[in-house]
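Undergrad: Need coordinates for the following:
(chains A and B)
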Amino acid sequence: MSVPLQRPVANKVLFMATCLCDAFYDDAARASVEVLEHLGIEVIFPENQTCCGQPAFNSGDWKASRKVARHAAEVFGGDLPVIVPSGSCAAMHSHGNRLQFEACPEPAIESLANRTWEILDYLVHGLGISTWKGAFAAPTRIAFHRSCHTRGTRTGEAAHALLSSIRNAEVVAFGQEDQCCGFGGTFSVTFPHISGRMGSLKLDHILAQQPDLLVSADMSCLMHLTGLARTQGRPVQHQHAIQVLRDTLA
Amino acid sequence: MIDRQPIDTYATRISEEKQTSVITGATASTEKRQSVLFGDFPNTHDLRRLAGQIKDHTLHHLDHYLEQAEAALSRNGVKVHFADTDEDARQAVLSILRDHQVTQLTKSKSMASEEIHLNPFLIDQGIEVLESDLGEFIIQLDGDEPSHIVRPIIHKNRREIARTFQRAGIARDLNDDPEVITRRARAFLREKYMQAQAVITGGNFISCESGRVVLVTNEGNSRFGMAPSKLHIALIGIEKLVPSDRDLGVFLNLLGRSATGQQLTVYTEFISGPKDPTQPSGPEEMHVVLMNNGRTDVLASDGREILRCIRCSACQNVCPVYRQASGHAYRSPYGGPIGAVLSPLLFGDRFPELADLPKASSLCGACNEVCPVDIPIPDLLLRLRDKAKRAHISQPGDLPMAPFATLATSPSLWRTAMTMSKAMNHLPIDVAPFRPIQDWLGQRTLPESHGGDFRKWLKNRSKEQGLRDTPQ
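TA: Below is the predicted model:
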């Protein structure tokens, strides 16, 4: 996977909240808007947005997912950067859509692919912010889970740079960091056993480091991991990285 | 009825002992492999891409390179046979063996031979076949199937192997010290090498320029097999060609590192035909059977990149699904991500039966990240899922997606659904009539719905602050 080399940067952006933030994690979407505005960016939220189409795409129903992708491309039309608080949805725009339209590329789909940024990537590599002038009140150990769909992108690096520059923050390493959390959307439904084992293993490695906070650039991974953790009676504090940035703002 | 996928069901049934062996084996040398692969070169990703390009180039001009390989091999005194199907390949091998009245042979590890079930076929024909790779030897003693490309017995622990040796009469006790086990196998095999009239090997690469057949092993068993034998048959898939000897440097540098974390495997043999009169030992006759067995169909498919594969098993080792399910879950000689793509394509006549394999992935992409020939495995898995859907092949575990697409393309319906999802907070969703939903919720707590809350916040705020929405 790779991201387009030339993506637009502007002080006015289209914000895609993602379906998970729409349904469950409103505060992560709110934090995204607040951080962008704090940086002087004008945020536009197209009301007709829904989902990137990944559930259908990953299930192999490309007829259904192309419909959803076309809808997204229309909703996020124009030439402004599209900012997403999810490495996974960003990868769907930049990579997945290209795959499902490879036989018959469509200009609107191509345009969306070339304008979409995962939000942390945008802060660091779009806006050139390399450190975050924020602080935790007390020393805080952060376990950062690099979500799988950010492989081959610069999101992981961006998140590390920003999080570790926060005063009182320590980003701790844990075992088998590159392994998947086991979510994979519909995968976790149709492979409940394997998915659960993958997630539990991931939790074992993370919790062994006794972090104060589990952080990711994807709420989907966090939903899976913390959903397992709660059922297993070992809950863990968690936030999207963008929430951490907002909450630690001086 | 929506149910779980076959590979997930398989994973629930394997013993804890087997599961532990697989996960420990696959995880064990991850760091070593990564540090050797990514630490030894200034830019390993460039090298991986180059290797992929060399393979792609060769495959795009396969007709040309096959001719060149045949000419070069013939120049070296090798007899070349082309086998289109699995049956052709078995018959080609058998007829060579018959011509030489072979009744006993040794065989080194070859995935191509696993594909065509060569051993049981030859044994049925009254020929004694002995696997000389330690892992494959143990598989043969057990009547088991290999579950890993490089480490066929990754699913067994040493106690099981000790029991196997005792049962087979190779050992009298149950000593499971790896060194003792290896010594015992060696003593047994060495005698067999001396009796064998022929040796069958696979082949990792063929240089079309020089006709050199390259074989890599860590046990030296193919060399041992070749030294006393008069006849050498190499069974090799047609995708194993590389244009020149120079290309071998690229692939050999990547193969050992990716497979086992070694800079080079212990033995790398360059075989330039049968022995010449000045050599004291070695086969007097060498045959190469170039096997298609579905590869040209793969080449014509939109999963052709999988033919770049050099069988290093890096994708298998790193795959979290393989680690939980074992290679046997994939119902073909190839397990893990490579098998999930290759098997449904290669054994096209079994496509409906194998069409669930590409679904056994969370699409995490770890396989692509370590692949030494940069195969975009997740993309190929997705293309195959699309192919199965278009062919109307459904499996247990498929979820209907049309309702989702309708919802996700109807903004007002979507917004309503979001708001309504808050009502779910008060519903006993864990009694939903879908078994997968129950399974999911049995292990995980769903967060509380905040459906539509972000939109509401935005709207209230824009009233206060005059934040601009796009006109709808």
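
Undergrad: Hmm, residue B:326 and residue B:147 touching each other?
TA: Yes - using Cβ atoms under 8 Å, residue B:147 makes contact with residue B:326 at a distance of 5.5 Å. Every residue, glycine included, has its C-beta placed from N, CA and C.

Undergrad: Compare neighbour counts for these two and give me the winner.
TA: Set residue B:147 next to residue B:326 and count neighbours by other Cβ atoms under 10 Å in any protein chain shown: residue B:147 wins out with 28 against 25.

Undergrad: for chain A, where's the lowest mean pLDDT among helices and strands?
TA: The helix or strand of chain A with the poorest confidence is helix A:186-190; it has a mean of 90 (mean pLDDT, DSSP states H and E).

Undergrad: Over to chain B?
TA: The helix or strand with the lowest mean pLDDT-type score in chain B, counting by mean pLDDT, DSSP H and E, is helix B:435-443 (a mean of 79).

Undergrad: quick check: domain ranges of the chain?
TA: You didn't say which chain, so I picked chain A. The record's domain parsing of chain A by automatic domain parsing lists A:12-126, A:135-247.

Undergrad: Please refer instead to chain B.
TA: For chain B, the domain assignment from automatic domain parsing gives the residue ranges B:41-293, B:412-465.

Undergrad: and the end-to-end length of the first one?
TA: Its start and end residues considered, domain B:41-293 measures 36 Å (Cα to Cα, to the nearest Å).

Undergrad: what's the spacing between it and its chain's center?
TA: Centroid separation for domain B:41-293 versus its chain: 16 Å, with Cα atoms, centre = their mean, to the nearest Å.

Undergrad: before we move on, what about the shortest one?
TA: Going by Cα atoms, centre = their mean, the spacing between the C-alpha centre of domain B:412-465 and its chain's C-alpha centre is 41 Å.

Undergrad: sorry, back to before: next, format the domains of chain A as JSON lines and append distance to residue B:395 and mean neighbour count.
TA: Output for the domains of chain A, formatted as JSON lines (distance: least, Cβ to Cβ, whole Å; neighbours: other Cβ atoms under 10 Å in any protein chain shown):
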{"stretch": "domain A:12-126", "distance to residue B:395": "10", "mean neighbour count": "22"}
{"stretch": "domain A:135-247", "distance to residue B:395": "9", "mean neighbour count": "21"}
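
Undergrad: Quick one: those as a markdown table, columns for distance to chain B too.
TA: Output for the domains of chain A, formatted as a markdown table (distance: least, Cβ to the nearest Cβ, whole Å):
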| stretch | distance to chain B |
| --- | --- |
| domain A:12-126 | 3 |
| domain A:135-247 | 3 |
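
Undergrad: on that earlier part again, any residues in contact with both of residue B:147 and residue B:326?
TA: With contacts taken as Cβ atoms under 8 Å, 6 or more residues apart in numbering or on different chains, the residues that reach both residue B:147 and residue B:326 are B:22, B:155, B:335.

Undergrad: of all these, which comes closest to residue B:243?
TA: Here the nearest of the shared contacts of residue B:147 and residue B:326 to residue B:243, counting by Cβ to Cβ, is residue B:335; it sits at 30.2 Å.

Undergrad: For residue B:154, see how far away that closest one is.
TA: Residue B:335 is 9 Å from residue B:154, where distance means Cβ to Cβ, to the nearest Å.

Undergrad: what do you get for residue B:70?
TA: In this structure, residue B:70 lies at 36 Å from residue B:154, with Cβ to Cβ as the measure.

Undergrad: quick one, which of the two is more surrounded?
TA: residue B:154 (25 against 18).

Undergrad: so what's the more buried one up against?
TA: With the criterion set at Cβ under 8 Å, 6+ apart, residue B:154 makes contact with B:21, B:22, B:25, B:26, B:147, B:148, B:327.

Undergrad: try it again with 10 Å
TA: Contacts of residue B:154 were listed using Cβ atoms under 10 Å, 6 or more residues apart in numbering or on different chains, and they are B:18, B:21-26, B:28, B:135, B:146-148, B:313, B:316-317, B:326-327, B:335.

Undergrad: And residue A:222, by the same measure?
TA: With Cβ under 10 Å, 6+ apart as the criterion, the residues that contact residue A:222 are A:20, A:25, A:28, A:145, A:147, A:181, A:183, A:214-216, A:229, A:236, A:238-240, B:447.

Undergrad: Please tell me the pLDDT value assigned to residue B:427.
TA: pLDDT recorded at residue B:427 is 66.

Undergrad: Now do the helices in chain A.
TA: Remark: helices of chain A, listed N- to C-terminal, are A:19-23, A:26-38, A:54-58, A:62-75, A:87-91, A:97-100, A:107-115, A:119-121, A:155-165, A:186-190, A:192-207, A:219-231, A:241-247; assignment by DSSP state H.

Undergrad: any idea how far the spatially most central residue of chain A lies from residue A:150?
TA: Chain A has residue A:86 as the residue nearest its centroid, 2.0 Å off, counting by Cα atoms, centre = their mean. As for residue A:86, its distance to residue A:150 is 9 Å (criterion: Cβ to Cβ).

Undergrad: quick revisit: ranking the helices of chain A by mean pLDDT, which is last?
TA: Among the helices of chain A, helix A:186-190 carries the lowest mean pLDDT, a mean of 90.

Undergrad: Show me what that one is packed against.
TA: Counting contacts by 3 or more Cβ pairs under 10 Å, 6 or more residues apart in numbering or on different chains; DSSP states H and E, the secondary-structure elements packed against helix A:186-190 are helix A:54-58, helix A:192-207, helix A:219-231, helix B:6-13, helix B:435-443.

Undergrad: Where does pLDDT dip in the stretch 1-150 of chain B?
TA: Of all residues in the stretch 1-150 of chain B, those with pLDDT under 70 make up the ranges B:1-2.

Undergrad: Please repeat the previous calculation with a cut-off of 80.
TA: Counting by pLDDT under 80, the low-confidence segments of the stretch 1-150 of chain B come to B:1-3.

Undergrad: And the helices in it, which stretches?
TA: Using DSSP state H, counting those that start in this stretch, the helices assigned to the stretch 1-150 of chain B run over residues B:6-13, B:16-28, B:30-39, B:44-60, B:62-75, B:86-99, B:111-115, B:118-124, B:134-142.

Undergrad: Please point out which parts of the fifth one sit buried.
TA: Translated: helix B:62-75. B:62, B:65, B:66, B:68, B:69, B:70, B:72, B:73 (16 or more other Cβ atoms under 10 Å in any protein chain shown).
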